[in-house]
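Asks: requesting a structural model of the entry that follows:
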Amino acid sequence: MFKHIMVAIDGSPYSQQALPTVIEVARKFQSDVLVLHVCEHDRGRAVVYSNESPAQATQLVGNAVRLISMAGITAEGRLNDVAAGHVAKSIVETASINNVDLIVMGSRGLSDVQGMLLGSVTHQVIKMANIPVLVDRTRRVKEPVAETAPHETRQTTLVSS
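Replies: You can find the predicted model right below:
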């Protein structure tokens, strides 16, 4: 059903928590995975501003590809650089160009304030995509006092267009 899956990551804890979900789905459907990170830049009067360096972006994608590959899944990484406000469009276009069957994303990203005002990138992707979008809504749950290590409760939402 899903032969080509794309996971969009931004370095936030929410997108990192989507990686076990993409691994689980890829195993189930024997899929390959494209890891996408969209670098957003903004223009000032004389310079272009970015929140991260190319080395940081490359490391982020490389770490995710390594994690997925260690799980026995074929994975490749891609970096896109876009103007501020065009991240969702880049994600949807990259999915289309690469014949992706499913997009996996975290429920929130790094720009929570902007998301509240303008709508989150995840929400924009759901509206724009013509393929299913799996939203990982993992939350950390505190254990009783006797336990010291937190465990995860995984909740996902699949939205199909």
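Asks: longest strand of this protein?
Replies: Longest strand of the chain, by residue count under DSSP state E: strand 32-43.
Asks: now for that one, which elements pack on it?
Replies: strand 4-8, helix 13-29, strand 48-50, helix 54-70, strand 75-83, helix 87-97 (3 or more C-beta pairs under 8 Å, 6 or more residues apart in numbering; DSSP states H and E). Where C-beta positions appear, they are placed from N, C-alpha and C, glycine not excepted.
Asks: of those, which approaches residue 106 most closely?
Replies: When the helices and strands packed on strand 32-43 are compared by C-beta to C-beta, helix 13-29 sits nearest residue 106, at 3.2 Å.
Asks: hang on, the earlier thing: and the angle for the longest strand of the chain with helix 54-70?
Replies: Between strand 32-43 and helix 54-70, the angle comes out at 170 degrees (axes from the mean of the first three to the mean of the last three C-alpha atoms, to 10 degrees).
Asks: relative to strand 32-43, what are the paired strands and their orientations?
Replies: Partners of strand 32-43 in the sheet, by DSSP bridges, are strand 4-8 (parallel), strand 48-50 (antiparallel), strand 75-83 (parallel).
Asks: now do the shortest one, average pLDDT.
Replies: For strand 48-50, the mean per-residue pLDDT is 61.
Asks: how far away is residue 124 from residue 86?
Replies: 10 Å (C-beta to C-beta, to the nearest Å).
Asks: same question, residue 6
Replies: Distance from residue 6 to residue 86, by C-beta to C-beta: 17 Å.
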